[in-house]
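**Q** take a look and give me a structure for this.
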Amino acid sequence: METREAAERFVQVWERAWAAHDVDALLRLYAEECVHRSMPFRRPHRGRAELADYLRWSFARERVTDVRFSPPVVGPDGVAVAEFRVLAEEEGVPSTLAGCVFVRFDEAGLAVATRDYWHTADGHEEPAGDLFFL
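**A** Take a look at the predicted model:
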């Protein structure tokens, strides 16, 4: 699968599945032996089982009201990056999460390595400037 096609599928599924907390749909995007880093200095989640545990933990207290991803920017060697913004509530307190995900895809179009960088803010707000860089 071409990287652009894999990356577009990745952001479309993430946008829909994050809003629905659909862990199974998200896991289908990843190779069995994937490595996911939810932040640069956290311990990586290795394999689909660890990623599933992390996603379920992340979604447990979160009520999502809106998820948006930018179109992916595709680079060489199966790599793509996309920005995201999530409006959510945890225990009734609104928050905004904004960040980006870097993804390396294999030949089958599955994510073999991902790394997220993100920040949170109290309340629901859009990042300064345009919502996405593109």
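**Q** give the contact list for the nearest residue to W18 once chain neighbours are set aside.
**A** Ranked by CB to CB, 6 or more residues apart in numbering and with sequence neighbours excluded, the top spatial neighbour of W18 is V67, at 4.7 Å. To be clear about C-beta, it is placed using only N, CA and C from the backbone, and glycine gets the same treatment. If you count contacts by CB atoms under 8 Å, 6 or more residues apart in numbering, V67 has them with 14-16, 18-19, 84-87.
**Q** now, which of those residues lie within strands?
**A** Per DSSP state E, strands hold the following members of these: 84-87.
**Q** what's in contact with stretch 84-92?
**A** Applying CB under 8 Å, 6+ apart, the external contacts of stretch 84-92 come out as 11, 14-15, 18, 61-70, 94-101, 118, 124, 126-127, 131.
**Q** stretch 100-108 now?
**A** With CB under 8 Å, 6+ apart as the test, stretch 100-108 has contacts from 1, 3, 6-7, 10, 14, 31, 72, 77-84, 111-118.
**Q** pLDDT (mean, whole number) over it?
**A** Stretch 100-108 shows a mean pLDDT of 97.
**Q** same question for stretch 43-52.
**A** 97.
**Q** coming back round to it: which of the ones in strands among the contacts of V67 sits closest to H36?
**A** F84 (14.5 Å; CB to CB).
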